[in-house]
Each structure stands twice: as C-alpha cells, then as structure tokens.
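Enquirer: sequence plus predicted model, see below.
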Amino acid sequence: MKQFSFCLKSVSEFDAWAQSFREIYPRDAQSVFVSVFSGWPDEGGLPELIRRLTEMFPKAVVVGCTSDGEIMSGRLSERTAILHFLFFEKTDVRLFAIDFSDASPEDAAASLVNGLQDTETVGVGLFLAANDETTHRFLAHLRPLAPSAKVFGGVAGSTAESGQYVLAGEDAQRHDAIAVAFIGSELHVHVSTSVGWRPLGPLFRISKMDGDNVIKELDDSPALNIYHKYLGLSSEDINGGSLLFPLCTERNGSLVMRLPAGCTEDGSLVISGDCREDESVRLAYGDPSKILDASYNSRIEILSFEPEAILLFNCVSRRFFLREDTNQEILPFQDVAPTTGLYVHGEVNRAEDGNVSLLNMSLVAASFREGPRSDSPPRSESFTPRTRKLTDMMKLVQCLANFVATTSAESEIANQKLTRLASIDRLTGLYNRGEIESILRKELLQKRMPDEPLSAIMIDLDNFKSVNDIFGHAAGDDVLQRSAKIIYNAIRRSDSAGRWGGEEFFIILPGTSLANAKIVAERIRSAFAAGCVLPNKRSVTGSFGVAQFPDNGDYMKFYHQLDHALYQAKQNGKNCVCLAEEPPKNE
C-alpha cells in the first residue's frame with residue numbers, strides 16, 4: 001500500500017502537478033482510491049478536478065467532497081484542494097453512488113448491504129451531501145453490514161458560494177451519498193473517535209419530538225427555553241450556525257453530542273443527528289484540555305495499530321472552538337502516519353452494537369494498513385500532553401472550563417446530599433413515606449415481565465405508645481432506630497425499606513412471591529425479640545401484614561390488602577405475620 005497527498009490552490013496547477021506525479025506513482029497497484037477535499041470557492045473547480053483525475057486514472061475510484069477546511073500532513077489548509085491517493089496491492093475498492101430520488105433511504109441502504117454480501121468487506125467510507133432526516137434513515141438501515149466492517153465518513157462541508165455536495169465518476173455527477181467499500185483479507189482498518197466536550201447543568205427529558213431530528217419540547221416546554229434560560233441565547237444565535245454548546249446524551253456507555261443546527265418559530269430545535277423521545281440530555285461545553293487529551297488518547301490507540309495512512313473527519317465546530325490551536329489536535333496524528341482529511345458537518349461512525357449514525361463535535365480517525373504489523377519494538381512517544389502549549393485565548397477558556405467543571409462537581413455533590421436528605425427519614429435513616437411510595441411505583445413500572453411477582457410488608461410496632469409513656473421519648477426513638485437497623489440488615493440490596501409514619505415501616509421486595517415475603521417477615525419478627533429489648537428486659541414485638549401486588553391490580557387495592565393483613569395480625573394477638581386474604585391469581 002502506498003499513500004500520497006498533494007495540495008492544489010487552483011485547477012491551473014493541475015497539469016504541472018500531473019506531469020510530476022506520472023513519474024513517481026506505482027503502476028502495479030491492484031486498485032486505487034482517490035479522494036479530493038476542496039474548499040475552493042469556485043463551484044466548477046472541484047468537478048473539473050474530478051473529471052481530470054478520472055481521465056488520468058480511469059480504473060480508480062475517484063470521490064470529491066466539499067469541506068470547511070482541509071487537512072494536509074496533519075495541518076489545517078484553507079481554500080485549497082487536497083488530493084489523497086491510496087494505492088492498494090491486494091485490496092479491491094468499490095464505488096456505490098446513492099441518490100434518494102431513485103430509491104428510498106431504506107431501499108438504498110438495503111441495496112448497499114446486498115451489494116457487499118459474500119465479500120470480505122473490511123471498511124466502508126461514507127461521503128454524505130446533507131445532514132438531515134433522510135440521511136439518518138439511510139444510516140440507520142446499514143446495521144446488517146458484516147459485523148467486521150468498519151464504517152466511517154462525514155457530511156460535506158460548505159463553501160459560501162457553492163454550498164455542500166459530494167460527487168464521483170467521469171462526469172463528476174453530484175449524489176446524495178457516496179459509499180466506498182474496501183474489500184480484501186490483507187487490508188486492516190481501524191476507526192477511533194474522540195470528543196472532549198463535557199456535560200453541564202441539570203438533566204432534561206426530551207418530552208416531544210417531530211421526526212428523528214427536531215426536538216419540540218424539553219421537560220414539556222419549548223426546547224429553545226433551556227438555551228435562553230441557561231446561556232442567554234436567542235433563536236437568532238441558534239440560527240447563526242456557530243453554536244458551540246451541544247446537547248449530550250449517554251448511549252452504550254459513551255457521551256454522544258447533538259448540536260442544534262437551527263431553531264423554528266415555535267422554539268423547536270433542529271438537531272444535527274438523531275434524538276429519541278424520553279431520552280435524557282444535558283447541555284455540554286468545550287474543554288480545551290479534554291479535547292486535546294481525547295485526540296492524544298486516540299493517537300495512542302492508533303499507534304499500536306501501525307497504520308500506513310490516516311484519514312480524518314473532524315467536526316468544523318472543533319475548528320471554530322480551538323481556532324489558532326486547531327493544529328495541536330490534528331498534528332500529532334502525522335507523527336504516526338501520513339494524515340489527510342477534512343472538516344465536516346457531521347461525522348459517521350459505527351458503534352460496537354453495529355449501529356451506524358452521525359456524530360457531532362467529534363473527530364473520527366480512519367487508519368489503514370495493508371498486511372500484518374511489523375515485528376519492530378513499539379515506537380517511543382514524541383507527543384505528550386506536556387509538550388502542548390495553548391494560546392492566551394485558549395488558556396483563558398481553559399481556566400473558565402476548569403472553573404465550570406469544579407463548581408459543577410461541587411454542585412452535583414450538594415444536590416446529591418439535598419436529594420438524599422429530602423428522601424430519607426432523619427431519625428431511622430430509612431426512606432421516608434414519600435420516597436418509598438415513589439420507589440414502589442418505579443418498581444412496578446420496571447417489572448421485567450407482567451407475571452413477575454412483587455410483594456410488600458407493612459410493620460407496626462406493638463404497644464409503642466406505652467414505650468414513650470413509661471420510658472420517655474428518647475427510649476422510643478432508640479427503639480425506632482434499632483428496629484430500622486434490624487429491618488435494613490434483613491433485606492437485600494434490591495429491596496427498599498422506609499418509615500411509613502410513627503411506628504410503622506414499609507418494605508418493598510421486588511421479584512419476591514407472597515410465600516417468600518412471609519419468610520422475610522418472620523425473620524424480622526424473630527430478630528426484634530433478640531435485638532430490640534427495653535430497659536425492663538421486655539422485647540419489642542411487631543405485627544406484620546404481607547401482600548403480593550395482584551395481577552391487573554391498582555395501588556389502592558394493594559394498600560388495602562396490606563392494611564387489612566396488618567389489622568388481622570393485630571386482631572390475632574399481635575407479634576405475628578398475616579398474609580393478605582386475597583392472594584394474586586398467579587399464586
């Protein structure tokens with residue numbers, strides 16, 4: 001495998017470049033992939049370049065893509081055209097031009113998947129013309145691709161004059177999407193993704209969506225409200241196209257950024273990526289050190305892969321954010337292998353679960369190697385976090401980011417303490433009544449199967465009023481605390497116990513039948529006799545009502561069953577366990 005990259009400032013330089021390149025390029029390659037990333041303002045320049053390259057290399061796969069900045073030898077290059085060549089010795093390269101006017105996104109995806117069946121597809125590069133719902137639907141249906149196939153790419157950037165587009169073929173035809181498949185057992189492709197944005201502020205629930213990429217409401221209010229309330233931003237700011245505060249959500253254990261690309265009159269946010277109703281999101285902010293750390297860690301990961309070429313798809317928002325420091329993010333890759341790429345309006349990546357989707361605010365690095373790794377010892381590091389030096393502006397941003405991170409962490413700890421205080425009974429340390437009721441409702445909603453049992457125990461300490469009357473309220477508080485400790489030690493971590501009020505306690509037992517709940521109740525009743533003794537040597541006892549939540553039942557019926565069982569235990573002489581008279585149908 002051979003890699004070559006060149007930078008042209010205009011079409012007029014092509015002939016001189018072509019003459020010199022004819023003298024050095026390998027003639028015996030099995031296949032050739034040529035990608036051209038252009039920030040030329042001339043709308044006709046890129047198509048003309050594609051036509052000339054196709055004529056020069058008639059058997060090559062030639063793809064063109066507009067960009068918001070080009071990457072050459074690990075450095076930003078502006079308003080240029082970067083020609084990137086990969087000459088493969090034992091790998092096939094196959095082109096798929098996709099137009100959604102000819103087939104639905106779902107059918108286009110199925111056609112691509114079927115076209116690669118029974119092949120040793122190692123990687124699929126995607127060059128997309130737009131970041132919209134149609135594109136999202138296309139990507140969502142690429143999951144059936146072979147699990148071993150890496151998927152990477154991006155959405156074309158935009159030049160002010162000519163817009164954004166991708167094109168291919170001898171006629172330099174524009175398409176909605178272009179897929180390039182790399183096929184062969186000798187080729188190895190590695191894809192890494194880095195972010196570096198950090199979550200900020202409270203969680204919000206996506207309460208209303210319009211399609212996959214329009215958030216209408218967050219917490220039942222117009223989605224724009226959170227940007228206005230927390231950042232002081234208006235709809236004009238959102239529609240300005242340079243927003244650097246995305247929303248973030250957690251998927252498969254990783255943070256995924258979702259950047260508003262625009263705002264509608266009703267306060268809805270048009271998102272550059274798919275979102276899901278009921279998903280939880282937060283605002284996010286850029287941290288220069290975290291961004292560079294993420295890039296550095298990605299580089300370390302790639303170093304052990306021993307690539308022969310690296311292709312970067314970097315979000316243009318990262319360039320806007322880092323400004324003069326943008327090369328500090330991408331230059332370290334050049335030290336590993338020749339690095340070329342472009343700044344895009346959305347980055348394509350395939351998650352571990354096989355789903356293909358668009359990312360925002362990310363850097364996707366696709367690395368190529370034909371053949372096995374070398375037997376040479378690992379290379380020593382030349383780039384480390386200590387070697388970087390931020391500009392004065394980024395130093396200021398870094399200080400603010402550190403301040404936000406520290407105050408957010410302190411606020412989070414304080415909120416956790418307040419939340420715990422609001423949910424805990426201070427005397428016993430168990431949940432209070434409001435929280436135990438909330439837990440019960442959540443447990444019932446989260447039952448894995450409709451017929452999965454859930455039982456509860458209600459406890460009333462016997463003759464508790466006489467304890468206060470004879471020994472004083474301090475002794476009564478001590479009895480409540482010791483009883484709570486016995487209850488807590490008798491249940492599992494998956495169970496929940498709370499003080500229902502006064503001398504009553506309530507225990508929730510998920511996944512527990514009525515018969516097993518009775519065993520738990522009897523264990524606690526026996527423990528009271530041994531571990532809760534009054535000054536006059538008399539043991540504290542309790543009456544226990546036990547019930548299992550009935551099939552197709554409701555909360556009030558459940559509570560009535562528990563209350564009736566507890567009443568029956570009192571009537572039976574106290575210090576005993578009684579089961580609900582009406583057992584569930586599945587008992």
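Expert: Arrived safely. Numbering: from 1, shown residues only.
Enquirer: contact partners for Phe204?
Expert: Phe204 makes contact with 218-219, 226, 280-282 under the criterion C-beta atoms under 8 Å, 6 or more residues apart in numbering. The way it works is simple: take the backbone N, C-alpha and C, and place the C-beta from them, glycine included.
Enquirer: please identify the buried residues of the host helix or strand of it?
Expert: Phe204 belongs to strand 197-209 when assigned by DSSP states H and E. Buried residues in strand 197-209, defined by neighbour count with 16 or more other C-beta atoms under 10 Å: 197-201, 204, 206, 208-209.
Enquirer: and stretch 138-150, by the same measure?
Expert: Buried-residue list, stretch 138-150, by 16+ other C-beta under 10 Å: 138-143, 145, 149-150.
Enquirer: again with stretch 331-345
Expert: So, applying 16+ other C-beta under 10 Å, buried residues of stretch 331-345: 331-334, 336-345.
Enquirer: how far off centre is that stretch?
Expert: Distance of stretch 331-345 from its chain centroid, counting by C-alpha atoms, centre = their mean, to the nearest Å, is 24 Å.
Enquirer: now the helix or strand bottoming out on mean pLDDT in the chain against strand 197-209, angle please.
Expert: Least confident element among the helices and strands of the chain, by mean pLDDT, DSSP states H and E: helix 392-423 (a mean of 74). With axes from the mean of the first three to the mean of the last three C-alpha atoms, to 10 degrees defining the directions, helix 392-423 sits at 60 degrees from strand 197-209.
Enquirer: skip ahead from helix 392-423 and say which helix or strand is next.
Expert: helix 433-445.
Enquirer: circling back to that earlier point, each with direction, which strands does the strand holding Phe204 pair with?
Expert: strand 214-218 (antiparallel), strand 280-286 (antiparallel) (DSSP bridges).
Enquirer: mind giving me a markdown table with these and columns for distance to Gly157 and mean neighbour count?
Expert: Below are the strands paired with strand 197-209 laid out as a markdown table (distance: least, C-beta to C-beta, whole Å; neighbours: other C-beta atoms under 10 Å):
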| stretch | distance to Gly157 | mean neighbour count |
| --- | --- | --- |
| strand 214-218 | 23 | 21 |
| strand 280-286 | 19 | 21 |
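Enquirer: nearest to Cys65, of those?
Expert: Nearest of the strands paired with strand 197-209 to Cys65, taken as C-beta to C-beta: strand 280-286 at 25.3 Å.
Enquirer: name the surrounding residues that touch the closest one.
Expert: 196-206, 218, 226-227, 230-231, 244-250, 255, 257-258, 275, 321, 361, 397, 401, 404.
Enquirer: what's the following helix or strand after it?
Expert: That would be, after strand 280-286 and using DSSP H and E, helix 288-303.
Enquirer: nearest residue to Ile470 in space, please, no chain neighbours.
Expert: Nearest residue to Ile470, sequence neighbours excluded (C-beta to C-beta, 6 or more residues apart in numbering): Asn536, at 7.9 Å.
Enquirer: let's see which of the buried residues of stretch 331-345 end up in strands.
Expert: 339-344 (DSSP state E).
Enquirer: of those, which is the nearest to Val356?
Expert: Using C-beta to C-beta, these come closest to Val356 at Val344, 15.4 Å.
Enquirer: what about the stretch 301-450 of the chain, any weak spots by pLDDT?
Expert: The stretch 301-450 of the chain contains residues with pLDDT under 70 at 377-388, 416, 419-420, 446-450.
Enquirer: can you check the stretch 451-587 of the chain too?
Expert: Using pLDDT under 70, the stretch 451-587 of the chain drops low at 451, 551-553, 581-587.
Enquirer: now the helices: where do they sit in it?
Expert: 464-471, 473-490, 514-531, 555-571 (DSSP state H, counting those that start in this stretch).
Enquirer: may I see the buried residues of the last one?
Expert: Under the neighbour-count criterion of 16+ other C-beta under 10 Å, helix 555-571 has 558-559, 561-562, 564-566, 568-569 buried.
Enquirer: next, the angle helix 514-531 makes with it.
Expert: 50 degrees.
Enquirer: which elements pack onto helix 555-571?
Expert: Under the contact criterion of 3 or more C-beta pairs under 8 Å, 6 or more residues apart in numbering; DSSP states H and E, helix 555-571 touches strand 454-461, strand 542-548, strand 577-579.
Enquirer: quick one on the thing from earlier: return the member of the buried residues of stretch 138-150 nearest to Thr512.
Expert: Arg143 (38.4 Å).
Enquirer: OK, contacts around the residue nearest to that closest one when sequence neighbours are not counted?
Expert: Distances taken as C-beta to C-beta, 6+ apart put Gly354 closest to Arg143, at 4.9 Å, once the chain neighbours are dropped. By C-beta under 8 Å, 6+ apart, Gly354 lies in contact with 143, 145, 147.
Enquirer: before we move on, what about Arg482?
Expert: With C-beta under 8 Å, 6+ apart, Arg482 has these contacts: 531-532, 540.
Enquirer: how about those in JSON lines, adding neighbour count and distance to Arg27?
Expert: What follows is those, written out as JSON lines (neighbours: other C-beta atoms under 10 Å; distance: C-beta to C-beta, whole Å):
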{"residue": "Gly531", "neighbour count": "14", "distance to Arg27": "88"}
{"residue": "Cys532", "neighbour count": "20", "distance to Arg27": "91"}
{"residue": "Val540", "neighbour count": "22", "distance to Arg27": "94"}
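Enquirer: ok, so of those, who is nearest Val113?
Expert: Gly531 (64.8 Å).
Enquirer: isn't the closest one right next to Ile486, touching?
Expert: Yes: under the criterion of C-beta atoms under 8 Å, Gly531 makes contact with Ile486 at 5.3 Å.
Enquirer: distance of Val63 relative to Phe127?
Expert: 6 Å (C-beta to C-beta, to the nearest Å).
Enquirer: tell me which of the two has more neighbours.
Expert: Phe127 (28 against 25; other C-beta atoms under 10 Å).
Enquirer: is the more buried one in a bridge, and if so with what?
Expert: According to DSSP bridges, beta-bridge pairing links Phe127 with Gly154, Ile178.
Enquirer: quick one, what contacts it?
Expert: Applying C-beta under 8 Å, 6+ apart, the residues near Phe127 are 35, 63, 65, 153-154, 156, 166, 177-180.
Enquirer: ok, back up a step: make CSV out of the buried residues of stretch 138-150 and add distance to Arg493.
Expert: Below are these laid out as CSV (distance: C-beta to C-beta, whole Å):
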residue, distance to Arg493
Phe138, 45
Leu139, 40
Ala140, 38
His141, 41
Leu142, 41
Arg143, 36
Leu145, 41
Ala149, 42
Lys150, 40
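Enquirer: out of the contacts of Gly354, flag the one nearest to Arg79.
Expert: Leu145 (35.5 Å).
Enquirer: excluding its backbone neighbours, what's nearest that closest one?
Expert: Val113 (5.7 Å).
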